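[1] Would you be able to build a 3D model of this:
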Amino acid sequence: MPPYDVLCIGNAIVDIIAHCDEAFLEANGIVKGAMNLIDAKRAYLLRSRMGPAIEASGGSAGNTAAAVASFGGRAAFFGKVSSDPLGEIYTHDIQAQGVAFDTKPLEGELPTARSLIFLTPDGERSMNTYLGSCVELGPEDVAADKASGAKVIYFEGYLWDTTRAKQAIRQTAMLAHAAGRKVSMTLSDSFCVERHRDEFLQLIQSGTVDIVFANSHEIKSLYRTTSFEEALAAIRRDGKIAAVTRSEKGSVIVCSNETVIIKATDIKELVDTTGAGDAYAAGFLYGYATGRNLKDCGDLGSLAAGLVIQQIGPRSWKNLRHEAEQSGLL
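    This is a model prediction of the structure:
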């Protein structure tokens, strides 16, 4: 049996989360609902203007790894932190959640990455991310035993912003496919798609990526269309499996001639959408790695996403395996 169900690769980021109003975003030039890359100077400036904040280990793929472990899956993670207090916080948190994480920390001037996340009253999150030590993730950080020993590899599109990270992903994908494993990715956000559209399409069309995760905005951006139906038809043509989330409309999974409609989980209150897509991917991938059909995979993803948006922070406070068992999904 492979030693891991899912290996996640991504930016190891500590989230710093605070509430604000729409006027704050406008006054500080923050693009609502997007992930904005910033430098160290702006990171310190925005932090000085934040109200009371919560610090939590985050990063898209790291959130997914933690959620896979919460489902009871065997998860591993590649990501780069620095030898500083935030790096120690990140490492402790992800290991405490049951994720195998032993990427060598960076020794040097670049600090551990942080994302300043501003939550508006509608639950939308606007992320301002300083990548710090994340940019040093490279091929030397790829542990071959994990790359070839996980049933599914999952990486975040955000990594395409650095050349060395791209090299690490291509190396991991090669090792994974040589061992008969699957490779998956998330498009991350529409602005990320705009930056890397041609390369993302090449990854999908070439078969380097077997499973694609996206939301409706990202998939339409990928195919430069305002029609969700056109974008869905295009990803069906180009890819093997695609799972596309649609907020309160649930999600759609397409695979060859198969289309699976997944309902959104009923919630009591929308609090914070941070990590919703990461949680969905975790549920889907846990289901996929354990041999479940696409409908069950989607339902597990929907459950996880529905739980995480009812709380502050990107990682569910509840045990996902217990919640899935209570819901009759496991």
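[2] Could you find the closest non-adjacent residue to residue 264?
    Among residues not flanking residue 264 along the chain, residue 250 sits closest, at 4.2 Å (C-beta to C-beta, 6 or more residues apart in numbering). Using the backbone N, CA and C atoms, a C-beta is placed for each residue, glycine as well.
[3] That neighbour contacts residue 261, doesn't it?
    Yes: using C-beta atoms under 8 Å, residue 250 is in contact with residue 261, at 6.8 Å.
[4] more crowded one of these two?
    Higher neighbour count among residue 250 and residue 261: residue 250, with 19 against 12, using other C-beta atoms under 10 Å.
[5] could you list every residue that touches the more buried one?
    By C-beta atoms under 8 Å, 6 or more residues apart in numbering, the residues touching residue 250 are 261-264, 302.
[6] cool, and residue 268?
    Counting by C-beta under 8 Å, 6+ apart, residue 268 touches residue 310.
[7] Let me know the secondary structure of it.
    Three-state call for residue 268 (DSSP: H, G, I helix; E, B strand; the rest coil): coil.
[8] Report the separation between it and residue 306.
    10 Å (C-beta to C-beta, to the nearest Å).
[9] give me the number of residues near residue 55?
    14.
[10] Secondary structure element holding the closest residue to it other than its chain neighbours?
    Nearest residue to residue 55, sequence neighbours excluded (C-beta to C-beta, 6+ apart): residue 16, at 5.5 Å. Per DSSP states H and E, residue 16 falls inside strand 13-19.
[11] The stretch 151-300 of the chain: helices as residue ranges?
    Listed from the start of the chain, the stretch 151-300 of the chain has helices (DSSP state H, counting those that start in this stretch) covering 163-178, 190-205, 216-222, 228-238, 276-289, 294-308.
[12] Any chance of CSV for those helices, columns mean neighbour count?
    Below are these laid out as CSV (neighbours: other C-beta atoms under 10 Å):
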stretch, mean neighbour count
helix 163-178, 19
helix 190-205, 17
helix 216-222, 22
helix 228-238, 16
helix 276-289, 29
helix 294-308, 24
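[13] Nearest to residue 1, out of these?
    Closest approach to residue 1 among the helices of the stretch 151-300 of the chain (C-beta to C-beta): helix 276-289, 11.1 Å.
[14] Alpha carbons of that closest one, as PDB, please.
    C-alpha atoms of helix 276-289 as PDB (Å, rounded to 0.1, in the frame of the first residue of the first chain):
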ATOM      1  CA  ALA A 276     -13.400  26.900   1.200                       C
ATOM      2  CA  GLY A 277     -11.800  25.700  -2.100                       C
ATOM      3  CA  ASP A 278      -8.900  24.100  -0.200                       C
ATOM      4  CA  ALA A 279     -11.300  22.100   2.000                       C
ATOM      5  CA  TYR A 280     -13.400  21.100  -1.000                       C
ATOM      6  CA  ALA A 281     -10.200  19.700  -2.700                       C
ATOM      7  CA  ALA A 282      -9.300  17.800   0.400                       C
ATOM      8  CA  GLY A 283     -12.700  16.100   0.700                       C
ATOM      9  CA  PHE A 284     -12.600  15.200  -3.000                       C
ATOM     10  CA  LEU A 285      -9.000  13.900  -2.900                       C
ATOM     11  CA  TYR A 286      -9.500  11.900   0.200                       C
ATOM     12  CA  GLY A 287     -12.500  10.200  -1.500                       C
ATOM     13  CA  TYR A 288     -10.600   9.700  -4.700                       C
ATOM     14  CA  ALA A 289      -7.500   8.300  -3.000                       C
END
